[in-house]
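Chemist: below: sequence and its predicted model.
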Amino acid sequence: MTLLHPWVLLLLPLTLIPFWFKSHQGQIYSWLPIIPVDRLSDIANYVLKTMIAVTILSLILALASPQGASTKVLKVGKGAQTVFVIDRSVSMDHPFAGQSNSGRAAEIKSAAARRLITRFIDSRPDDMMGVVGFTNSSLYGMKITTNIDAIHSAINAATGPAINQTNIGAGVTQAVTLFDDIQSSGSRAIILLSDGAGKLSPRVKRTITEELSGKKLNFYWIVLREPDDISIFTKQTYPDDSVPDAIALDKFFKSIKIKYKAFEADNPATLQSALQYIDSKEKNIIQYSVNIPGHDYSRDLIIFSLILGVFILIFKNLKVYSW
């Protein structure tokens, strides 16, 4: 057993308070020798003080938060080790390209991403997931974990607005490092959501190539299109010195010897379709250890204190009155 707040034990001397003070209840007599010896009352008084001391002791121990020993359980399921890399630039708060001229209020890209990724997470209870956001640099969100609540919180943070820059290289390299301390089990994938591209330096390209291929990571890029953006699937050819950033980035990912697929989403429905495709492809047998926290005895001690307090109140009101 461990104590989360052991310093609270410094309050243990408070348990002696009931024995330091004397009770002033009872009858008033002018001459003490006429009072008979009452052993029962003396015992009752000592028992009552002991109960009060035990109540104080229980409350102090509850504040110290005693925890039982944790255990590790091997969990086997069907899923993947996945890291979401999410663009946090201000353009993510714009509507989808396919909804910009609809004439009515449209769902913005970040809100749709948050909603659909949350649904994706909830549909895969056996997954281990991590989250990385990026703008002009990477923004650490959550390590690869099975804690669904923590993952949801990281997704909510990563789909908030930031500044008007898109540094995909920083986001991807940060995402790759999350796999360093995780034992490989089943599928391993990175899902990049971005509404822009940007140029990658030769050094960053080399790092991404070595890490993605060396760790055998699958890679998916979902492009949330802006109005008038050039499609990465266009058949149009460009001179080497004027290739659009998105097309150049797509060609770079294709050149890496990994499983790679790109999607374009210009509305929430196509974004959902892309996530459904990834969901169907990234489901293999996965096993990992889960830490089961030990029993928290604080609640038990508080309940015990409340019960003991009720008995003290009853005991205090048991009196024999004189005629």
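Modeler: Okay, I see it. Quantities reported herein were computed from a predicted structural model and do not represent experimental measurements.

Chemist: for this structure, give me the ranges with low pLDDT.
Modeler: When the per-residue scores of the chain are filtered using pLDDT under 70, the ranges that remain are 22-32, 97-106, 161-164, 227, 319-323.

Chemist: scan it for its longest strand.
Modeler: When secondary structure is assigned using DSSP state E, the longest strand within the chain turns out to be strand 71-87.

Chemist: and the residue nearest in space to the middle of the chain, what does it touch?
Modeler: Centroid-nearest residue in the chain, with Cα atoms, centre = their mean: A150, separated by 1.1 Å. Listed by Cβ atoms under 8 Å, 6 or more residues apart in numbering, the contact set of A150 reads M142. From N, CA and C alone the C-beta is placed, and that goes for glycine too.

Chemist: hey, what's I222 bridged with?
Modeler: In this structure, I222 has beta-bridge partners L193, F263, where bridges are defined by DSSP bridges.

Chemist: residue contacts, it?
Modeler: When the contact criterion is Cβ under 8 Å, 6+ apart, the partners of I222 are 191-194, 262-265, 271, 274-275.

Chemist: which of the residues you listed has the most neighbours?
Modeler: The most crowded member of those is L193, carrying 27 neighbours; neighbours defined as other Cβ atoms under 10 Å.

Chemist: sorry, back to before: roughly how far does the residue nearest to the centre of the chain sit from L192?
Modeler: A150 sits at a distance of 21 Å from L192 (criterion: Cβ to Cβ, to the nearest Å).

Chemist: likewise A80?
Modeler: Relative to L192, A80 is positioned 15 Å away (criterion: Cβ to Cβ).

Chemist: cool, and G169?
Modeler: 11 Å.

Chemist: now do I151
Modeler: Here the distance between I151 and L192 works out to 17 Å (Cβ to Cβ).

Chemist: and if you look at L48?
Modeler: The separation that L48 has from L192, given Cβ to Cβ, amounts to 68 Å.

Chemist: T146 now?
Modeler: Here the criterion is Cβ to Cβ. By it, T146 lies 22 Å from L192.

Chemist: can I get the contacts of I222 in JSON lines with distance to I302?
Modeler: JSON lines is the format used below for those (distance: Cβ to Cβ, whole Å):
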{"residue": "I191", "distance to I302": "44"}
{"residue": "L192", "distance to I302": "48"}
{"residue": "L193", "distance to I302": "45"}
{"residue": "S194", "distance to I302": "49"}
{"residue": "A262", "distance to I302": "55"}
{"residue": "F263", "distance to I302": "52"}
{"residue": "E264", "distance to I302": "56"}
{"residue": "A265", "distance to I302": "51"}
{"residue": "L271", "distance to I302": "47"}
{"residue": "A274", "distance to I302": "49"}
{"residue": "L275", "distance to I302": "44"}
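
Chemist: from those, which is closest to G214?
Modeler: Closest approach between the contacts of I222 and G214, by Cβ to Cβ: L192, at 18.4 Å.
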